[in-house]
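S.K.: Next comes the sequence, and after it the predicted model I'd like to discuss.
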Amino acid sequence: GAVVSQHPSWVICKSGTSVKIECRSLDFQATTMFWYRQFPKQSLMLMATSNEGSKATYEQGVEKDKFLINHASLTLSTLTVTSAHPEDSSFYICSATAGPYQETQYFGPGTRLLVL
Amino acid sequence: LAKTTQPISMDSYEGQEVNITCSHNNIATNDYITWYQQFPSQGPRFIIQGYKTKVKNEVASLFIPADRKSSTLSLPRVSLSDTAVYYCLVGPNRDDKIIFGKGTRLHILP
């Protein structure tokens, strides 16, 4: 149980294009979903927290107009990197929790983004 | 903010027991302690979670002293496939931030 999927697993795009990443909780309803970014050899950095039906809460330094998050249902959240640039190349990971107090996080497999 | 401190790296040999300690001096009353394992180019995987004393599951044990200012993840009889980064995460409460520390890079040698 508690499986989270991400799609796509990797994507290569040209600079200036937008990329959408989907995060789905497959066997539970996720009250909260989180989006992280991870650069090589570094730890995970929380980008934003999203709750179904409400606006995402972004961490300091994360541009909400650049990283659009939509949490349309209890099983789906999407992250759209708008007008991607090479510095946005990274490993993006989502996670989901089932409880109201951000208990155990179940992580997706991650999406590798390469912007040329 | 419940900040954690772990050793940056550890080496061990196959078949040995490995103990990774995490310090979390400002843990809050309602905080839980959760450990995750991450392989390269994969999302972290939940290992174990505890609040106090000892917790054990099929893959690991978690020891938490009475003051809860630290915790120790114990991996019995490690194998090469246990080579990964291990993260200790404390909390969070509803209004608290989630901060992943640098983690411990565990390298298992044959």
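M.R.: It's in.

S.K.: which SS state does the residue of chain B found nearest chain A fall under?
M.R.: Nearest residue of chain B to chain A (CB to the nearest CB) works out as B:G43 at 3.5 Å. C-beta: built from backbone N, CA, C; applies to glycine. For B:G43, the assignment made with DSSP: H, G, I helix; E, B strand; the rest coil gives coil.

S.K.: Where does pLDDT dip in the chain?
M.R.: Here I'm looking at chain A. A:1, A:99-102 (pLDDT under 70).

S.K.: wait, I meant chain B there
M.R.: Using pLDDT under 70, chain B drops low at B:1-2, B:92-97.

S.K.: Up against chain A, what does it have?
M.R.: B:30, B:32, B:34, B:36, B:41-46, B:49, B:87, B:89, B:91-94, B:96-103 (CB under 8 Å from any CB of the partner chain).

S.K.: hmm, back to that, could you measure the nearest residue to the residue of chain B closest to chain A once chain neighbours are set aside against A:Q6, distance?
M.R.: Nearest residue to B:G43, sequence neighbours excluded (CB to CB, 6 or more residues apart in numbering or on different chains): A:F107, at 3.5 Å. The gap separating A:F107 from A:Q6 is 9 Å, by CB to CB, to the nearest Å.

S.K.: ditto for A:S18
M.R.: Counting by CB to CB - A:S18 and A:Q6 are separated by 17 Å.
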